[in-house]
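[1] Sequence plus the predicted model coming up.
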Amino acid sequence: MKLVFTERAYISLLAELKERITTETGGLFLGYHAEGTWYVLETCDPGPGSIFRPAYFEYDQSYVKHLLNKLARIYSVRPKLIGLWHRHPGSYDVFSPTDDVTNMRYAAMHPEGAVSMLVNLDPSFRPTVYHVAYPHRYTRISYCVGDDGFPPHLLRLMTAERLLADLDQRPAAAESLCTVVQKAAPYLPAAQIPTGDAPEAAIPEQLSESLLDDLLYLTDRLGTEIQIAQEPLHLPHSERTLPALKLTDGGTGGIFFTMVQDTVYLYDGTHAYLYQSGALEQALTTMEDGQAPTHVDVPDADRPHRDDKAPWSSILHRLDRNRR
C-alpha cells in the first residue's frame, strides 16, 4: 500500500503548513483508491472557521464539505474524500484519542478504509502516513509525489463540451422537492425506521452533516428553494416521535431525515428509505444515465458515533449564503 500526491496536492499541504507555522493545522484529501494505492488529487485547506491552536486543531466542517464538493465537479472521473492530515506539536508523532475517533469515523465511510497523515516539524518537515481500517487498525505506508504516478485518466479535467451539454439540458424550471424524491425513490433502499429504543433529544451532528451535499445539489443544481427546520417526526402506527430535520420547498408536505443508532433515514410521509450523504444526487444522476435502479451503499450501522450537538442552524446559514 502507498499514497501518491499530485504536485498540486503536495504543494497545497506545504503552503498550509507555512501559513499556520505557529499552530496545529490540517486538511482533507480528495482523490481515489485503486488496488491498494491512494491517489491524492487535491488537498483541501481546513477553512477560515477552523480552530487553530499550538496543541489543538478543529476543521471548519461546513467549509470543507462545500469545497470538496466544488473541487470534485471539475474532474472527469469524480474523486471522493479518501483521508486527512494534520500537524502535531514538536515530535509527537502518534495519534491522540481524539484523533483515533476522527480517523475511525473516516475509515468507516468506505470499505477500503481511509488514509491519515501526521506531520511534525522537528525542526524539518517529517510526515508519517497510515492506512486506517475500521475498527481501529493502523498500518504505516509509504508516500511519493508526482503526477506521473497517477493513471492519466484520473488527472483529466471535465471538458467544456460536457459541461456545456449539461447546461443545455438543465431543467427549464426548478425541480420540486416532491418530484426529486419520486424520481430518486426507486434508487434508494427501502427501510423500516426502528422505534423500539428511545431516541436522543437532540439532532446528531452526523445527520446534519450528511444532508449538506444534497442540500447544495438541490439549491445550486436544481434551483429548488429549500427551507429546513427541526421538527419531530410522528411515525404512523407508533406512539413515539423521533427528532428530525424537515425539508420543504414552499409547497405542501415535505420530507424528513432522522437518525437512529447511527443510521440515517429519509421519510417522505409514506415510505422510509436508508440514506447516505449525496444519495439524492447519485440517484438522479444514475437515472439520467439510463441505469436500472440499484441500491445505494449505506455506511455500516456500527460506525463511530459522536455525541456533539448538531449545528443544524449552520446549514440554514449556508443555504442563505448560497442564494445571495
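    Sure thing, it's come through.
[2] can I assume D100 sits in a strand?
    No. D100: not assigned to a strand; according to DSSP: H, G, I helix; E, B strand; the rest coil it is helix.
[3] That one reaches Y138, doesn't it?
    No. D100 lies out of contact with Y138 (Cβ atoms under 8 Å); the separation is 9.0 Å. For glycine as for every other residue, the C-beta is placed from the backbone atoms N, C-alpha and C.
[4] where along the stretch 201-324 of the chain do the helices fall?
    Counting by DSSP state H, counting those that start in this stretch, residue ranges of the helices within the stretch 201-324 of the chain are 205-216, 279-288, 312-323.
[5] Format the CA atom coordinates belonging to the first one as PDB.
    Yep, that's helix 205-216 we're talking about. These are the backbone C-alpha positions of helix 205-216, laid out as PDB (Å, rounded to 0.1, in the frame of the first residue of the first chain):
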ATOM      1  CA  GLU A 205     -24.200  16.200  14.200                       C
ATOM      2  CA  GLN A 206     -23.700  13.300  11.700                       C
ATOM      3  CA  LEU A 207     -27.300  13.800  10.500                       C
ATOM      4  CA  SER A 208     -27.000  17.500   9.700                       C
ATOM      5  CA  GLU A 209     -23.600  16.900   8.100                       C
ATOM      6  CA  SER A 210     -24.900  14.100   5.900                       C
ATOM      7  CA  LEU A 211     -27.500  16.400   4.300                       C
ATOM      8  CA  LEU A 212     -25.200  19.100   3.200                       C
ATOM      9  CA  ASP A 213     -24.100  17.700  -0.200                       C
ATOM     10  CA  ASP A 214     -27.700  17.100  -1.300                       C
ATOM     11  CA  LEU A 215     -28.900  20.500   0.000                       C
ATOM     12  CA  LEU A 216     -26.200  22.100  -2.200                       C
END
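[6] got a list of what P79 touches?
    When contacts are counted by Cβ atoms under 8 Å, 6 or more residues apart in numbering, P79 touches L30, G31, Y32, L41, E42, L71, A72, L154.
[7] out of those residues, who has the most neighbours?
    Compared across those, G31 has the highest neighbour count, 27 neighbours, by other Cβ atoms under 10 Å.
[8] distance of T263 from A9?
    Using Cβ to Cβ, to the nearest Å, one gets 33 Å for the distance from T263 to A9.
[9] swap in T102?
    Applying Cβ to Cβ to T102 and A9 gives a distance of 20 Å.
[10] Out of the contacts of P79, list just those in strands.
    When DSSP state E is applied, the contacts of P79 are split such that L30, G31, Y32, L41, E42 fall in strands.
[11] give me the element L118 is part of.
    Assessed by DSSP states H and E, L118 sits inside strand 114-121.
[12] Can you report how many residues neighbour the residue nearest to E19 when sequence neighbours are not counted?
    Closest residue in space to E19, ignoring its immediate chain neighbours: T25 at 7.6 Å, by Cβ to Cβ, 6 or more residues apart in numbering. Close neighbours of T25, defined as other Cβ under 10 Å, add up to 23.
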